[in-house]
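Engineer: Okay, predicted coordinates and the sequence, questions at the end:
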Amino acid sequence: GEDVEQSLFLSVREGDSSVINCTYTDSSSTYLYWYKQEPGAGLQLLTYIFSNMDMKQDQRLTVLLNKKDKHLSLRIADTQTGDSAIYFCAESLNRDDKIIFGKGTRLHILP
Amino acid sequence: GAVVSQHPSWVICKSGTSVKIECRSLDFQATTMFWYRQFPKQSLMLMATSNEGSKATHEQGVEKDKFLINHASLTLSTLTVTSAHPEDSSFYICSANGQGARREALDTQYFGPGTRLTVL
């Protein structure tokens, strides 16, 4: 069935790069997403990548996709205190389908 | 563009009462809307999918008579939690997809800010 797995916690020093990893099971997924959720707030779409892409970069964010291994990663360069949040990896079959979310990775920034 | 709003942002109610949550697409026509639920420290789980003008499809384990969904227009969907109980306390988030002002297909779903429901 559909499943998205990601580590629950990541601690990174301010200024370093953060890398959040995710694996998914449904090879038919064409959309792969990264969302950010700050405490008590809604979801913010950070970026998404199509399954026929290997990489997508947007300012400090870099998404890498290994479709063969069904592995997705999000790299945040020069991590700042404002990046402290929960990051959800997610997938969907296409843009009109339900989105399956991972449990979220809580990113903690060390001074 | 592609803004989704929810109302109310939070609500507290007594056990046994019904609560209605609205989800609106502000600048596009939402042909499909999704309702998700997020319990504390957990991920989002899809509750139901609604297409404008037709009955909603509830996910397995989500009671359709308890979680009533109406998607009567291209800009509004409502979720009514009937006879709410403390175990229904959660963060309810909607998302929407559809067409923009120039009838272009939106690239992805857009999420509302969520409604926090607390049932006493």
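Structural biologist: Nice, I can see it.
Engineer: Could you pick out the residues of chain A near chain B for me?
Structural biologist: A:31, A:33, A:35, A:40-43, A:45, A:48, A:88, A:92, A:95-96, A:98-104 (C-beta under 8 Å from any C-beta of the partner chain). Bear in mind the C-beta positions are built from the backbone N, C-alpha and C, glycine included.
Engineer: show me what contacts the closest residue to chain B within chain A?
Structural biologist: With C-beta to the nearest C-beta as the measure, residue A:42 is the residue of chain A nearest to chain B, at 3.9 Å. Taking C-beta atoms under 8 Å, 6 or more residues apart in numbering or on different chains as the contact definition, residue A:42 lies against B:93, B:111, B:112, B:113, B:114.
Engineer: which ones among those residues come in contact with chain A?
Structural biologist: B:93, B:111, B:112, B:113, B:114.
Engineer: coming back round to it: any chance of a PyMOL selection covering the buried ones in the residues of chain A next to chain B?
Structural biologist: Selecting only the buried entries of the residues of chain A next to chain B in PyMOL, with 16 or more other C-beta atoms under 10 Å in any protein chain shown as the criterion:
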select buried, chain A and resi 31+33+35+42+43+45+48+88+92+95+96+98+99+100+101+102+103+104
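Engineer: which residues of the chain score low on pLDDT?
Structural biologist: Answering for chain A, as no chain was given. A:1-2 (pLDDT under 70).
Engineer: Actually, chain B is the one I wanted.
Structural biologist: B:1, B:100-106.
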